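**Q** A structural model of the following input is requested.
(one chain, ligands or ions: 1)
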Amino acid sequence: MRHALASRLVRVVTLALLGAAVLFAAWANSAGGGDRVDQALDLEADIEHGQQLYSDLTNPTCASCHSLRDAGATSNIASDLDDFQPSARVTIQSLIAGTTLEHDREGYADELSNQDLADLARYIESVAGN
Ligand code: HEC
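**A** Residues are numbered from 1 along each chain as shown. Model (predicted):
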């Protein structure tokens with residue numbers, strides 16, 4: 001009787017730990033988008049194409065929400081990137097992971113190739129704050 005209860009307890013605890021491990025792995029994977037970020041950061045960027053993506057070639061355009069002097073973007077819906085000055089890594093991570101705020105930034109993970117992500121992020125990194 002006692003033994004049965006103990007082994008049942010062990011089973012419940014084991015299952016709970018397994019479940020937690022699976023959840024953690026899923027979370028770590030979606031939070032970072034790790035591999036893609038590093039792959040994009042390794043590419044040689046086309047800065048001019050990055051500017052076109054920022055102002056015209058994304059949907060919705062980055063310019064429609066974020067100010068950036070170099071691009072002539074003045075929207076104040078979201079953060080001013082001249083103030084924020086995100087590193088290329090931060091930009092790519094943000095575009096892949098999305099934000100938890102109003103808009104669905106998940107969209108860019110599908111819309112943009114790794115090369116696009118690199119071009120955009122390096123463009124912003126090179127001009128923000130100038
Ligand atoms: C619909 C509005 C909207 C669009 C379009 C948009 N963003 Fe954002 N972005 C946000 C919001 C909201 C956040 C969360 C923090 C904030 O308010 O800036 C954010 C966060 C970020 C961040 C993280 C820095 C921060 O301030 O938290 C970066 C970098 C960024 N966006 C770059 C971009 C780029 C590059 C594009 C174009 C591919 C883009 N965003 C398109 C609204 C937008």
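
**Q** With adjacent residues omitted, what lies nearest to S87?
**A** Once flanking residues are discounted, S87 sits nearest to E125: 6.1 Å by Cβ to Cβ, 6 or more residues apart in numbering. For glycine as for every other residue, the C-beta is placed from the backbone atoms N, C-alpha and C.

**Q** For the one you found, give its distance to A6.
**A** Going from E125 to A6 by Cβ to Cβ, to the nearest Å gives 58 Å.

**Q** Who has more neighbours out of those two?
**A** E125 (20 against 10; other Cβ atoms under 10 Å).

**Q** packing partners for the host helix or strand of that one?
**A** Secondary structure from DSSP states H and E places E125 in helix 114-127. Secondary-structure packing of helix 114-127 (3 or more Cβ pairs under 8 Å, 6 or more residues apart in numbering; DSSP states H and E): helix 34-42, helix 47-52, helix 88-97.

**Q** can you tell me which of those comes nearest to the ligand?
**A** helix 88-97 (4.0 Å; Cβ to the nearest ligand atom).

**Q** near the ligand at all, the closest one?
**A** Yes: residues of helix 88-97 are located near the ligand by Cβ under 6 Å from any ligand atom, namely V90, T91, S94, L95.

**Q** Check what pLDDT the second one gets.
**A** Right, T91. According to the prediction, T91 has pLDDT 95.

**Q** Enumerate every residue touching it.
**A** Listed by Cβ atoms under 8 Å, 6 or more residues apart in numbering, the contact partners of T91 are L117, L120, A121, I124, E125.

**Q** And the last one, by the same measure?
**A** When contacts are counted by Cβ under 8 Å, 6+ apart, L95 is found next to R105, Y108, A109, L112, L117, L120, A121.

**Q** so how far is R11 from the fourth one?
**A** Translated: L112. Applying Cβ to Cβ to L112 and R11 gives a distance of 46 Å.

**Q** neighbour-wise, which of the two wins?
**A** L112 (21 against 10).

**Q** So S55 belongs to a helix, correct?
**A** Yes: counting by DSSP: H, G, I helix; E, B strand; the rest coil, S55 falls inside a helix.

**Q** Can you read off the pLDDT for it?
**A** 98.
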